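Trainee: here is the input, now give the coordinates:
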Amino acid sequence: MRFRPLHDRVLVRRIEEEEKTKGGIIIPDTAKEKPQQGEVIAVGPGARTEDGKLIPMDVKVGDKVLFGKWAGTEVKLEGEEYLILKESDILGVLEETEEAKAAA
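Mentor: Okay, here's the model as predicted:
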């Protein structure tokens with residue numbers, strides 16, 4: 001099954017965070033918060049202005065994004081959990097710096 005968001009909506013898969021702190025303490029599942037980072041899986045065509053012009057989306061499939069803690073609607077598609085957000089709920093796109101690329 002394929003999912004195509006409508007208008008200015010975005011389908012996002014949450015990116016799981018580390019299960020250990022920097023000090024090596026393992027965080028149990030009950031104490032973890034839901035991640036606020038995700039990868040864009042599908043993007044709608046964009047919003048429309050009052051006169052019908054299409055406003056293109058700023059995010060694209062594959063972008064790593066940061067969103068609000070309570071943003072979006074959680075859905076389950078083919079056994080996997082996703083989040084449907086409006087583009088305005090996305091706080092920003094995470095981009096890898098040159099230093100991080102060199103370290104990897």
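Trainee: so where do the strands sit in the protein?
Mentor: For the chain, the strands defined by DSSP state E occupy 9-14, 37-43, 47-48, 54-55, 64-67, 73-77, 80-86, 90-94.
Trainee: just the buried positions in the last one, please.
Mentor: Read it as strand 90-94. residue 90 (16 or more other Cβ atoms under 10 Å). (Each C-beta comes from the backbone N, C-alpha and C, glycine too.)
Trainee: for this protein, which spans come out with low pLDDT?
Mentor: 1, 17-35, 98-104 (pLDDT under 70).
Trainee: how close does residue 37 get to residue 4?
Mentor: Per Cβ to Cβ, to the nearest Å, residue 37 is found 23 Å from residue 4.
Trainee: which of the two has more neighbours?
Mentor: Neighbours were counted for residue 37 and for residue 4 using other Cβ atoms under 10 Å; residue 37 has more, 14 against 10.
Trainee: look up the closest residue to the more buried one, ignoring the ones flanking it.
Mentor: Spatial nearest neighbour of residue 37, chain neighbours left out: residue 15 (4.7 Å); criterion: Cβ to Cβ, 6 or more residues apart in numbering.
Trainee: wait, the one you found touches residue 39, no?
Mentor: Yes - if you go by Cβ atoms under 8 Å, residue 15 and residue 39 touch, sitting 6.1 Å apart.
Trainee: residue closest to the middle of the chain?
Mentor: The centroid of the chain falls nearest to residue 38 when counting by Cα atoms, centre = their mean (3.3 Å).
Trainee: now that one. Nearest residue, chain neighbours left out?
Mentor: Leaving out its chain neighbours, the residue that sits closest to residue 38 by Cβ to Cβ, 6+ apart is residue 12, at 3.8 Å.
Trainee: what sits against the one you found?
Mentor: Residues near residue 12 by Cβ atoms under 8 Å, 6 or more residues apart in numbering: 38-41, 65, 67, 72, 82-85.
Trainee: could you rerun that using 10 Å?
Mentor: 5, 37-43, 59, 63-65, 67, 71-72, 82-85, 89-90 (Cβ atoms under 10 Å, 6 or more residues apart in numbering).
Trainee: for residue 71, same thing?
Mentor: 12, 36, 83-86, 88-91.
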